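Asks: sequence plus the predicted model coming up.
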Amino acid sequence: MLTKESLKYLGRVITYSKWFRSTLMEWDKKSQRVKLNSSIFGKTHFWFSVTLHISYEAFLLYRLAETIFNPLPGTKLSETINLCYNVCAYAVPVFLQWCFLSHRLELPAFINGYISLYEEFKGRFIVPVHQNGADGCESLLKRYCQIAFLVTVQNLIIFFRYPGRKFFLTSLFTDSSDVVPIHIKLALLPVQMQIWLSHWSIVLLFGFILYVYAFPAITMLREMRCSRLRSGKTWDVLQTPEIFPILFQRIQILQNMFNFIFQHSFFPIQKLLMSGVSVFGTYGAIKVQGPRAIMLGMIAAVTLTHMSFIFRKLSEFYDVSYVVLESWKCQGKSLGKVLNASRPIRAEIADITFPITNQAQPPKIQSTTFVMNGFEDGWGLGARRLVYTTAARGRLHWVHPTHSHFLYWMLNYWFVCVFEAYAVFRCLSTMDRFNVIPVTTLTNIMYTMTVYVVPILFHLSRIPTSARGQPQGTTTMNPAN
């Protein structure tokens, strides 16, 4: 269940986000709840932080374009890798602040809602001997805080020792000997510290919100199983037919709030940016020399660990809730209508619902929806989604997507086009040195150029006319249902 240590870490990271104004949330120590800061100073500081992150991301993109298309003599591959890594890493706070602004009212309500539910469950149903048991995420939260501190300290050291590196603002003021005056360093240090600390505060904040919600929720669901399957850490009153439907419905409401906040705006872009950070971090750990390689490898490992833990934990909602519902069928008619009306809890990522993973026999679901993004023309005009649903007997039909679907598709398309343009540029630039370039290098460039033209052609290809109309007898369904 929710432990004091997990709640303490959540309160601390919310306080850090208040100090550096990465969000407008603040932690009330007296009530142990989240509230929004509505002061003029807080809002001004927050918008300054948003503007600073956007400006810094634009600066990194400019540096990356300059390195790729107009490289200076002696430019190393490690510099390009470092810039690619930083572009992905510092796009994360921009995207998270956009997510916060999109759900600035729902997010505090969601956090306060699950804290209240977990504390009530622990006080009423958990045996006092087991109330201080770990929920499994305390060590993860502690390690993430330690890594954030180490990375910030290393960035500070590199900032003073190598201020001419292109991902620092001080690189704009280097002289002919690649030296930055000390007064420029001291003047730009507060700006860089604000960027680093607000970056880590909002990254840890959203990560801790997910962990502190998912881990205790799974533990709570496991304790709600029928008496023959429970662990013995709860009182017998939890096994009464009057208590179970209320608790299960409250968890369903929380999960619906979770899906509403994170499904469309958070998870799709998070997967894209986190994948970029892990790829460039892993590559940088191999190619970059010195302590920076250790930091890149550490960040890549943390990113992959986070994605592995959180997505596996979210996938357990369906498994565990299905087992809970099946275990209560032994109660007979007293819960028959409630069980027939209840469905396993689903953590929805974009339009993908996590399937059951460990059950030998899957449950009977009224309809299953698979969604793939499709567009009527190559530029996304009149964008619609192609939906396959078993309720419509396996037929295809179109529904209009949300703005986040369109944005996510455009980001994917833009990244693929940029990468393909870079591959073509590299291929053309090697033609005049055909006799000097190794055959393996030219082969890799040609292979990359050929492979990444496939998704571009797929996006540009027109869907056959027969598949665009909605067939007779099908019904447009919302995947969230």
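Replies: Arrived safely. These figures come from a predicted structure and were not determined experimentally.

Asks: CA only for contacts and neighbour counts going forward, please
Replies: Noted.

Asks: give the helix, strand or coil label for the residue nearest the centre of the chain.
Replies: The residue lying closest to the centre of the chain (Cα atoms, centre = their mean) is Gln270, at 3.3 Å. Under DSSP: H, G, I helix; E, B strand; the rest coil, Gln270 falls in the helix class.

Asks: same check, this time on Lys166
Replies: coil.

Asks: what's the closest non-adjacent residue to Tyr9?
Replies: Spatial nearest neighbour of Tyr9, chain neighbours left out: Leu141 (7.0 Å); criterion: Cα to Cα, 6 or more residues apart in numbering.

Asks: before we move on, which element is that neighbour in?
Replies: helix 138-161 (DSSP states H and E).

Asks: and that helix, what's buried?
Replies: Buried residues in helix 138-161, counted by 16 or more other Cα atoms under 10 Å: 138, 140-141, 144, 148, 151, 155-156, 158-159.

Asks: by contact count, what packs against it?
Replies: helix 4-19, helix 182-223 (3 or more Cα pairs under 8 Å, 6 or more residues apart in numbering; DSSP states H and E).

Asks: and the contacts of the helix or strand following the first one?
Replies: Next in sequence after helix 4-19, counting helices and strands by DSSP H and E, comes strand 25-28. Strand 25-28 is contacted from outside by 11-12, 14-15, 17-18, 33-37, 108, using Cα atoms under 8 Å, 6 or more residues apart in numbering.

Asks: give me the buried subset of the residues you listed.
Replies: The neighbour count (16+ other Cα under 10 Å) marks 11-12, 14-15, 17-18, 33-35, 108 as buried among the contacts of strand 25-28.

Asks: what angle sits between the helix holding Leu141 and helix 4-19?
Replies: 30 degrees (axes from the mean of the first three to the mean of the last three Cα atoms, to 10 degrees).

Asks: helix 138-161 versus helix 182-223: what angle between them?
Replies: Using the same axes, to 10 degrees: helix 138-161 against helix 182-223 is 170 degrees.

Asks: dump helix 138-161 to CSV, keeping only the CA atoms.
Replies: What follows is helix 138-161, C-alpha atoms only, in CSV (Å, rounded to 0.1, in the frame of the first residue of the first chain):
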residue,chain,number,x,y,z
GLU,A,138,10.3,3.4,-2.7
SER,A,139,13.7,2.1,-3.9
LEU,A,140,13.0,3.2,-7.5
LEU,A,141,12.0,6.7,-6.4
LYS,A,142,15.1,7.0,-4.3
ARG,A,143,17.4,5.9,-7.1
TYR,A,144,15.9,8.3,-9.6
CYS,A,145,16.5,11.2,-7.2
GLN,A,146,20.1,10.1,-6.7
ILE,A,147,20.7,9.9,-10.4
ALA,A,148,19.2,13.3,-11.0
PHE,A,149,21.6,14.8,-8.4
LEU,A,150,24.6,13.1,-9.9
VAL,A,151,23.8,14.1,-13.5
THR,A,152,23.2,17.8,-12.4
VAL,A,153,26.6,17.8,-10.6
GLN,A,154,28.4,16.4,-13.6
ASN,A,155,26.7,19.0,-15.9
LEU,A,156,27.9,21.7,-13.6
ILE,A,157,31.5,20.4,-13.7
ILE,A,158,31.5,20.1,-17.5
PHE,A,159,29.9,23.6,-17.7
PHE,A,160,33.0,25.2,-16.0
ARG,A,161,35.6,22.9,-17.6
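
Asks: and it, how far out from the chain middle?
Replies: Averaged C-alpha coordinates place helix 138-161 at 20 Å from its chain's average position (Cα atoms, centre = their mean, to the nearest Å).

Asks: residue ranges of the strands in the protein, please?
Replies: 25-28, 33-36, 348-349, 352-353, 369-375, 383-389, 395-399 (DSSP state E).

Asks: where does the stretch 351-481 of the chain have low pLDDT?
Replies: Regions of the stretch 351-481 of the chain meeting the criterion pLDDT under 70 cover residues 351-416, 420, 426-442, 445-449, 451-481.

Asks: ok, now how distant is the residue nearest to Tyr9 from Leu7?
Replies: 11 Å (Cα to Cα, to the nearest Å).

Asks: ok, Tyr318 next?
Replies: Applying Cα to Cα to Tyr318 and Leu7 gives a distance of 25 Å.
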